[in-house]
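Novice: The sequence and its predicted three-dimensional model are supplied below.
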Amino acid sequence: MKDILVVAKLKEGKFEKFMGFMKSEEGMNERRKIADLTKTLGTVSPDKSAVMFKIAVHNEGGLHSFLDGSNPVSKPIFGEVMESYEIFELNKV
């Protein structure tokens with residue numbers, strides 16, 4: 001498993017729709033295929049225009065697919081709510 005930080009910028013007014021998907025059964029099932037959800041930490045910017053998640057990833061290819069629109073489950077939602085994202089690999093120092 002790798003610790004990964006994902007920072008995503010959301011389209012204006014789309015935070016609730018994004019979080020609704022992430023918390024839905026469909027979203028949770030897809031996220032379980034990628035990471036250990038019990039180790040996920042998340043936060044949101046005060047204006048709800050960006051989110052940040054630290055995740056313990058066990059399927060990096062699945063993570064990229066989930067975010068870039070090639071995953072058929074996340075594609076419709078992320079196409080509507082996601083402006084951009086960045087992925088960072090975290091290393092303990």
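Specialist: Yes, it's here.
Novice: per-residue pLDDT, the residue nearest to H58 when sequence neighbours are not counted?
Specialist: Nearest residue to H58, sequence neighbours excluded (CB to CB, 6 or more residues apart in numbering): M1, at 5.1 Å. C-beta: built from backbone N, CA, C; applies to glycine. Confidence at M1, expressed as pLDDT, is 90.
Novice: just A8 next, same as before
Specialist: On the pLDDT scale, A8 gets 96.
Novice: Which positions within the host helix or strand of it qualify as buried?
Specialist: Using DSSP states H and E, A8 maps to strand 2-10. Residues I4, V6, A8, L10 are the ones in strand 2-10 that count as buried (16 or more other CB atoms under 10 Å).
Novice: Need the contact partners of it.
Specialist: Strand 2-10 is contacted from outside by 18, 35, 48-57, 60, 63, 67, 81-92, using CB atoms under 8 Å, 6 or more residues apart in numbering.
Novice: Give the PyMOL command for selecting the buried subset of the residues you listed.
Specialist: A single PyMOL command selects the buried members of those (16+ other CB under 10 Å):
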select buried, resi 18+35+49+50+51+53+54+55+56+57+63+67+81+82+87
